[in-house]
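Q: no letters, just coordinates:
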C-alpha cells in the first residue's frame with residue numbers, strides 16, 4: 001500500500017470517529033464537492049471514502065482526465081465551456097501543443113501551472129493520484145470537525161507552543177495579550193459557532 005493510501009486510510013478512520021458514521025462517509029460528506037475540488041469522478045471518491053480500491057492510472061492518463069474534468073466543470077463567466085483555443089491561451093501555448101498534451105498527457109510544468117493558477121486549483125491537481133488528491137481535500141474537513149469537537153485544537157500548534165514556552169520571560173502586559181488571544185481563538189471555534 002502506498003503512503004498516500006495509508007494517509008487516506010488514517011484520515012478516513014479519523015473522520016469516521018468524528019462523525020460517528022463508520023463505513024458511511026460517502027453519505028456524510030459532500031462527495032460532489034470533493035469530486036469538484038480534486039478532479040476525481042464522484043463514484044471514485046465514494047469508493048475511496050468507503051475504503052475500497054480503484055485501479056491506478058498512469059500520470060499521462062490522470063493529466064488527460066483532469067484536464068477534461070476542468071473543461072467540463074469550470075465554465076467561462078457566460079456559462080459556456082472553455083474552448084481548446086482559450087485553454088491554450090490560459091496555458092501560454094498554442095492549440096496544437098495543447099492538443100498534443102491531451103494525446104500524451106504530459107504538459108510542461110510551466111503550462112500546467114498556469115492552468116492550475118487560472119482556475120485556482122490546488123497544487124498537484126493535474127498530477128496527484130486519486131488517494132493523494134482526496135487525502136489533501138479531506139484535510140480542511142478534518143480540521144473543521146476537530147475544531148467543533150475540540151475548541152482548544154487551534155491552540156495546539158507549534159507556533160502557540162513556542163509562544164507558551166516564552167511565557168515565563170514575558171511581561172505581564174504581554175501575558176495578558178496572549179491570554180486574550182487564546183480566549184478569542186477558543187471562543188471563535190466553539191462548538192456552537194455557525195461560521196465554521
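A: Looks like it came in fine. As the structure is a prediction and not an experimental result, all values here were calculated from the model. Numbering: from 1, shown residues only.
Q: could you pull out the helices for the chain?
A: 3-19, 25-28, 31-38, 42-49, 59-73, 84-91, 95-104, 109-118, 130-149, 158-166, 172-188 (DSSP state H).
Q: looking at these, which is buried most?
A: Neighbour counts (mean count of other CB atoms under 10 Å) averaged over each of the helices of the chain peak at helix 42-49, with a mean of 20. For the C-beta atoms, the positions are set from N, CA and C on the backbone; glycine is no exception.
Q: shaky segments in the chain?
A: Scanning the chain for pLDDT under 70 picks out the ranges 1-2, 105, 151, 153-155, 186, 188-196.
Q: at the geometric centre of it, which residue sits there?
A: Nearest to the geometric centre of the chain sits residue 137, at 2.6 Å (CA atoms, centre = their mean).
Q: my guess is that one contacts residue 38. True?
A: Yes: in this structure residue 137 lies within contact range of residue 38 using CB atoms under 8 Å: 4.9 Å.
Q: any residues in contact with both of these two?
A: residue 122 (CB atoms under 8 Å, 6 or more residues apart in numbering).
Q: and residue 124, which of the helices of the chain is closest to it?
A: Smallest distance to residue 124 across these (CB to CB): 6.9 Å, for helix 130-149.
Q: which elements pack onto that closest one?
A: Packing partners of helix 130-149 (3 or more CB pairs under 8 Å, 6 or more residues apart in numbering; DSSP states H and E): helix 3-19, helix 31-38, helix 42-49.
Q: state the phi and psi torsions of the nearest residue to residue 130 once chain neighbours are set aside.
A: Among residues not flanking residue 130 along the chain, residue 40 sits closest, at 5.1 Å (CB to CB, 6 or more residues apart in numbering). Dihedral pair for residue 40: phi -100, psi 140, per degrees, to the nearest 10.
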